[in-house]
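J.: missing the sequence, but the structure's below:
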């Protein structure tokens, strides 16, 4: 398996862990918003340290970037806040199921149209079948967990 696949597999493992840990922190301290804030502070420190090690000179190019690219920060905040609020009452598995479903749909659209400079990979019948099978597989795991 290529290194990129292993890195992304590890990131995938991290999503439900992030959801469970931050949801528990939010419940323990009585504020999902405060838990999300703590998460972002820790994430900021980790990202800043990584940037220092890998080369902070990239910061000079930020002002010239299209402003819509900064929407990514709002989207990650929405994800973290929503999972931290929803997971304690909806369940981590259910929450992540719908996150995965959204990821399947949006990633197919991004690839199909080559949005934001992504490599174009058309949505074919075979690819739609694969997305449907993945969706069904995740749904089955949730149905099995509910029993």
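T.: Perfect, I can see it now. Since the structure is predicted, the reported quantities are computational estimates derived from the model, not experimental observations.
J.: and the longest helix seen in the chain, average pLDDT?
T.: Criterion DSSP state H: the longest helix present in the chain is helix 3-29. For helix 3-29, mean pLDDT is 93.
J.: tell me what that helix is packed against?
T.: helix 32-54, helix 71-90, helix 92-113 (3 or more CB pairs under 8 Å, 6 or more residues apart in numbering; DSSP states H and E). C-betas here are computed from N, CA, C, even on glycine.
J.: just put the ones you listed in a markdown table and tack on mean neighbour count and distance to residue 128.
T.: Listed next are the helices and strands packed on helix 3-29 as a markdown table, based on neighbours: other CB atoms under 10 Å; distance: least, CB to CB, whole Å:
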| stretch | mean neighbour count | distance to residue 128 |
| --- | --- | --- |
| helix 32-54 | 13 | 34 |
| helix 71-90 | 15 | 25 |
| helix 92-113 | 16 | 8 |
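J.: tell me which of those sits nearest to residue 23.
T.: Across the helices and strands packed on helix 3-29, residue 23 has its closest neighbour in helix 71-90 (3.8 Å, CB to CB).
J.: rewinding a little: ok and the longest helix of the chain relative to helix 71-90, angle-wise?
T.: 60 degrees (axes from the mean of the first three to the mean of the last three CA atoms, to 10 degrees).
J.: give me the buried positions along helix 3-29.
T.: Residues 15-16, 18-23, 25-26 are the ones in helix 3-29 that count as buried (16 or more other CB atoms under 10 Å).
J.: show me the shaky parts of the chain.
T.: Residue ranges of the chain with pLDDT under 70: 1, 146-147.
J.: please repeat the previous calculation with a cut-off of 90.
T.: For the chain, the stretches with pLDDT under 90 are 1, 12, 90-98, 100-101, 104, 131, 134-135, 137-147.
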